[in-house]
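Colleague: Here is a sequence together with a model predicted from it:
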Amino acid sequence: MPEFVYKALTAEGQVVDGKLSATHRRLALQSLESQGLVATDLQEASAAAAGGSFFDRLFGGAEAMPRIKGTELTELTRQLATMISSDVTLIDALTVIYEQAEQESTRTVVGKLRDAVKGGESLSTAMAVQPRTFTPLFQSMVRVGEAGGMLAPVLIQMADLLETEQEVRGEIKAAMAYPLIVLGLGAVTVVVIFTFVMPRILSLFKGVESALPAPTRVLMGMGAFMRAHWWHLGLALLVGALLLRQAIQTERGRAAWDRFWLRTPLLGALVRKAAIARFSRCLGALLQGGVPLLEGLQSVGALLNNRVMTRVIDTAMTSIKEGSSFAASLRASGQFPPMVTHMIGVGEKTGKLDQMLLRIADTFERQTRIMTRVMISMLAPLLIIVVAVVVALIALALLLPIFKINQLIR
């Protein structure tokens, strides 16, 4: 009997993993569901072992399924919703999308979905096997749509949500282009100066280094060190980056990393606003689709990508089970602004929690975009100033000996 390795979410939102034996993947998923677990990753033990080498773990692991791009996932979701709303059967819709898909990764993902649905599995169950593409939020929305007979409206809502997130990412990428160009040109300038310009100029003062000004001697020492040990520096940076990546992948390391960013001036406020916007948008969409609050919190908690905020959600779920209100639970954490907890409290009392959450999402998404634009607009001039100061200091250190010789001649 095949053995499956799984990762799943408990009712409290905790991540658990283990192994189980089943004759078929579908039976393995049913076994997990009977235990109250929501599978986020499930694959045969042999496939997991094949991708479990040291280098796979070091660089983030190997996945059995490809991951399709956000734009392709949005298009796939909208096409599926359009065809289902036009009374096309789910299998036929998946077949059409599979046949017209241009990317091999999309064909693979859709093909697996089609084969699983043909085998008798539900769409949400088939999606649970591909967690790299279909998030817990996506799976929960589809599961609710299947149960309520409103799969097409739910998929349209999910496509709208994906488009909103892509617009925000696109704006950030476009705004970051200029600062990154400035930073790259600055780095190239400094490398060229240290590699080509500086050695030629300083060769004129060979043998009289002790008589040179202190800034020039420091610059000579830095240049000599970098030319002699550039590969040591590159190796040290690479090893440091890999060790940091490994540390962040642990629960304790990721929590410390997320706590650091939340406490960073300016950036901390931006990270918190973005997390609240994502939390509110996703939970509001789930509640609007008919998902119970606790199930919605369980799905959203895994999507925040911030362990501090995820722990707040876990604590809130525990408090709600003990009889506390949702708003009071978030207020006690200290991570949510008073305006947010107040609006959530009003939504609870009036029975319009989903609408309040979506309004909060609109507000914080707008604030996040404005804050991002302001910070990035300030970043470009700041980088230009930093690069200019570095180049000026290097130039000054190179010119000081020449000025000194000029004074001695006079």
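Modeller: Great, that's in hand.
Colleague: show me what contacts the residue most central in space within the chain?
Modeller: Centroid check for the chain by CA atoms, centre = their mean gives Asn305 as the closest residue, at 6.2 Å. Shown in contact with Asn305 (CB atoms under 8 Å, 6 or more residues apart in numbering): Ala275. For glycine as for every other residue, the C-beta is placed from the backbone atoms N, C-alpha and C.
Colleague: where's it relative to Thr135, distance?
Modeller: Separation of Asn305 from Thr135 (CB to CB, to the nearest Å) stands at 11 Å.
Colleague: got any ranges where the stretch 1-150 of the chain has weak pLDDT?
Modeller: Residue ranges of the stretch 1-150 of the chain with pLDDT under 70: 1-2, 9, 11-15, 23-26, 38-66, 148.
Colleague: those helices in it, which residues are they?
Modeller: Secondary structure of the stretch 1-150 of the chain (DSSP state H, counting those that start in this stretch): helices located at 25-34, 45-50, 54-58, 70-85, 90-100, 104-118, 123-128, 136-148.
Colleague: Of those, give the one that comes closest to Val190.
Modeller: With CB to CB as the measure, helix 54-58 is the member of these nearest Val190 (30.6 Å).
Colleague: Counting neighbours, which bits of stretch 271-291 end up buried?
Modeller: 271-289, 291 (16 or more other CB atoms under 10 Å).
Colleague: Work out the gap between it and the centre of the chain.
Modeller: Centroid displacement of stretch 271-291 relative to its chain, using CA atoms, centre = their mean, to the nearest Å, is 16 Å.
Colleague: ok, now stretch 85-93?
Modeller: Worked out by CA atoms, centre = their mean, stretch 85-93 lies 33 Å from the chain centre.
Colleague: residues in contact with that stretch?
Modeller: Here stretch 85-93 has contacts from 79-80, 83-84, 96, 114, 117-118, 123, 151-153, 156, using CB under 8 Å, 6+ apart.
Colleague: returning to that earlier point: name the SS class of the residue nearest to the centre of the chain, please.
Modeller: Following DSSP: H, G, I helix; E, B strand; the rest coil, Asn305 is assigned to coil.
Colleague: Could I get the pLDDT score of it?
Modeller: pLDDT, Asn305: 73.
Colleague: how much space between it and Thr368?
Modeller: 15 Å.
Colleague: how about the strands in this protein?
Modeller: Taking DSSP state E to define them, one finds strands in the chain at 3-9, 15-21, 38-44.
Colleague: tilt between the second one and helix 25-34?
Modeller: I take that to be strand 15-21. 130 degrees (axes from the mean of the first three to the mean of the last three CA atoms, to 10 degrees).
Colleague: before we move on, what about the first one?
Modeller: Here the directions of strand 3-9 and helix 25-34 differ by 40 degrees (the same axes, to 10 degrees).
Colleague: So Lys112 is in contact with Val129, correct?
Modeller: Yes. Counting by CB atoms under 8 Å, Lys112 does reach Val129; the two are 7.1 Å apart.
Colleague: Those two: who's more crowded?
Modeller: Comparing Lys112 with Val129 by neighbour count (other CB atoms under 10 Å), the higher total belongs to Val129, at 23 against 20.
Colleague: Could you give the number of residues near Leu293?
Modeller: By other CB under 10 Å, neighbour count at Leu293 equals 17.
Colleague: Quick check, pLDDT for it.
Modeller: 86.
Colleague: hang on, it packs against Lys321?
Modeller: No. Using CB under 8 Å, Leu293 is not in contact with Lys321; the gap is 10.6 Å.
Colleague: tell me the pLDDT at the residue lying closest to Ile384 once chain neighbours are set aside?
Modeller: Ranked by CB to CB, 6 or more residues apart in numbering and with sequence neighbours excluded, the top spatial neighbour of Ile384 is Val182, at 5.8 Å. For Val182, the pLDDT comes out at 84.
Colleague: now do Thr350
Modeller: So, for Thr350, pLDDT stands at 90.
Colleague: ok, it to Met343 distance?
Modeller: Separation of Thr350 from Met343 (CB to CB): 11 Å.
Colleague: Counting neighbours, go ahead and name the busier of those two.
Modeller: Legend: neighbour count by other CB under 10 Å for Thr350 and Met343, higher for Met343 (20 against 10).
Colleague: what about the residue lying closest to that one once chain neighbours are set aside, distance to Gly301?
Modeller: Once flanking residues are discounted, Met343 sits nearest to Met356: 4.9 Å by CB to CB, 6+ apart. Met356 sits at a distance of 19 Å from Gly301 (criterion: CB to CB).
Colleague: Check Ile193 too.
Modeller: Distance of Ile193 to Gly301, given as CB to CB: 50 Å.
Colleague: Could you check which of these two is surrounded by more residues?
Modeller: Comparing Ile193 with Gly301 by other CB under 10 Å, the one with more neighbours is Gly301, at 25 against 19.
Colleague: just checking, the more buried one touches Ile313?
Modeller: Yes. Using CB under 8 Å, Gly301 and Ile313 qualify as a contacting pair, with a distance of 4.0 Å.
Colleague: Give the burial count for Met141, as a bare number.
Modeller: 30.
Colleague: Burial check on the closest residue in space to Gln79 that isn't next to it in sequence, number of neighbours?
Modeller: Closest residue to Gln79 apart from its sequence neighbours, by CB to CB, 6+ apart: Ile97 at 5.6 Å. Close neighbours of Ile97, defined as other CB under 10 Å, add up to 21.
Colleague: same deal with Val308?
Modeller: Counted with other CB under 10 Å, Val308 comes out at 22.
Colleague: For burial, what's the neighbour tally of the closest residue to it other than its chain neighbours?
Modeller: What sits nearest to Val308 in space, not counting adjacent residues and going by CB to CB, 6+ apart, is Asp258, at 4.9 Å. For Asp258, the count of nearby residues is 21 (other CB under 10 Å).
Colleague: Asp258 touches Arg311, doesn't it?
Modeller: No. Counting by CB under 8 Å, Asp258 does not reach Arg311; the two are 9.5 Å apart.
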